[in-house]
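Asks: quick check, what structure comes out for this input:
(one chain, ligands or ions: 2)
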Amino acid sequence: MFFLLDCDGVIWTGDHVFEGVPETLELLRSRGKKVVFVTNNSTKSREEYLKKFTTLGIPSNVEEIFGSAYSSAIYISRILELPAPKNKVFVLGEAGIENELRSENIPFIGGTDPALRRDMTPEDWKGLADGSLLDPDVGCVLAGLDFHINYLKLAHALQYLRRGAVFLATNIDSTFPMNHNFFPGAGSVGAMPLAFMTGTQPLALGKPSQAMLDAIEGKFQLDRARTCMVGDRLNTDIKFGVEGKLGGTLAVLTGVSKRADWEARDAVAVPAFYVDKLSDLGAVAL
Ligand SMILES: O=C(O)[C@H](O)[C@H](O)COP(=O)(O)O
Ligand SMILES: [Mg+2]
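Replies: Ligands and ions are numbered 1, 2, ... in the order given. Got it, this is the predicted structure:
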């Protein structure tokens, strides 16, 4: 049996690991359950997440980690297959996306480039308008959670999209649960502002995307009927499990969604089960 575990709002909030999580993971593994960490947070690569798990005292390995940055990189390299020379990606996001694109040998610009962490200049207004400042090899814009978003980056992304670049997003979460509070999410800082500007929606490759679930199913050869998705957010985690026809969905109340959200008549998705926190799983006959 597989447990697909969300991270932000389930395992941790920022660097605070919720009480009893390491013990619960150990219990699951000791009972022969397979654990896969499935996060929409694109700011870290699988290797960077492994470092975070290790630093926070949670035993894991890189093969157990499946993030939206990785999901996006394998989609671009193995499905989208941008024709050279227009196979470069303009990134709105942090190092996690860059490192996963590198691991799939996908060329990219933007992202954490310090040259873009500044205000617009008259040269920018002119060069972006006439295209002289644009890289002709960019064939795709990938928008993720960018903690350094600014007008210049959005202006670059818009010009590439206006010139026909493929519009992708790692995820479109509206908020980001952090330190027991909420901050602007990936969708709110990059993908949705660009969607508003262009009138087009990105293809999002994180939860609830079924392309991501197909990739996870393929990688782990899991049996969907014997797989449970555990998450804190209805319109990503629980929708992912329900639309993926997984055997179970479990909501935890340590993150974004509350009971009232799925008890509402127009709930986007309803979990099969819920617990107050992940460690309550220990009391369940697994
Ligand atoms: O804005 C975001 O990217 C999300 O809020 C965040 O990444 C969610 O991560 P997850 O709960 O899927 O681990
Ligand atoms: Mg979450």
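
Asks: near ligand 2, which residues of the stretch 101-250 of the chain?
Replies: Contact residues, the stretch 101-250 of the chain versus ligand 2 (CB under 5 Å from the ion): D232. Glycine gets a C-beta too; all of them are placed from N, C-alpha and C.

Asks: the strands in the stretch 101-250 of the chain, which residues?
Replies: Under the criterion DSSP state E, counting those that start in this stretch, the stretch 101-250 of the chain contains strands at 108-110, 138-143, 166-169, 175-178, 181-184, 203-204, 227-231, 248-252.

Asks: can I get those in TSV with mean pLDDT and mean neighbour count?
Replies: As requested, those are exported to TSV (pLDDT from 0 to 100; neighbours: other CB atoms under 10 Å):
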stretch	mean pLDDT	mean neighbour count
strand 108-110	98	21
strand 138-143	98	27
strand 166-169	98	22
strand 175-178	95	20
strand 181-184	97	14
strand 203-204	98	19
strand 227-231	98	26
strand 248-252	98	25
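
Asks: what's the closest of these to L28?
Replies: Each of the strands of the stretch 101-250 of the chain has some distance to L28 by CB to CB; the shortest is strand 227-231, at 10.1 Å.

Asks: for F273, give me its contacts.
Replies: By CB atoms under 8 Å, 6 or more residues apart in numbering, the contact list for F273 reads 248-251.

Asks: let's see 6 Å
Replies: L250 (CB atoms under 6 Å, 6 or more residues apart in numbering).

Asks: which residues does it bridge with?
Replies: Following DSSP bridges, F273 is listed with bridge partners L250.

Asks: and the pLDDT for it?
Replies: With respect to pLDDT, F273 scores 96.

Asks: how near is G187 to ligand 2?
Replies: Per CB to the ion, to the nearest Å, G187 is found 13 Å from ligand 2.

Asks: for that residue, the count of nearby residues, please.
Replies: G187 is flanked by 25 other residues according to other CB atoms under 10 Å.

Asks: quick check: closest non-adjacent residue to it.
Replies: Among residues not flanking G187 along the chain, I172 sits closest, at 3.4 Å (CB to CB, 6 or more residues apart in numbering).

Asks: coming back round to it: in CSV, list the strands of the stretch 101-250 of the chain along with distance to Q221.
Replies: Converted to CSV, these look like this (distance: least, CB to CB, whole Å):
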stretch, distance to Q221
strand 108-110, 31
strand 138-143, 28
strand 166-169, 26
strand 175-178, 31
strand 181-184, 36
strand 203-204, 25
strand 227-231, 11
strand 248-252, 18
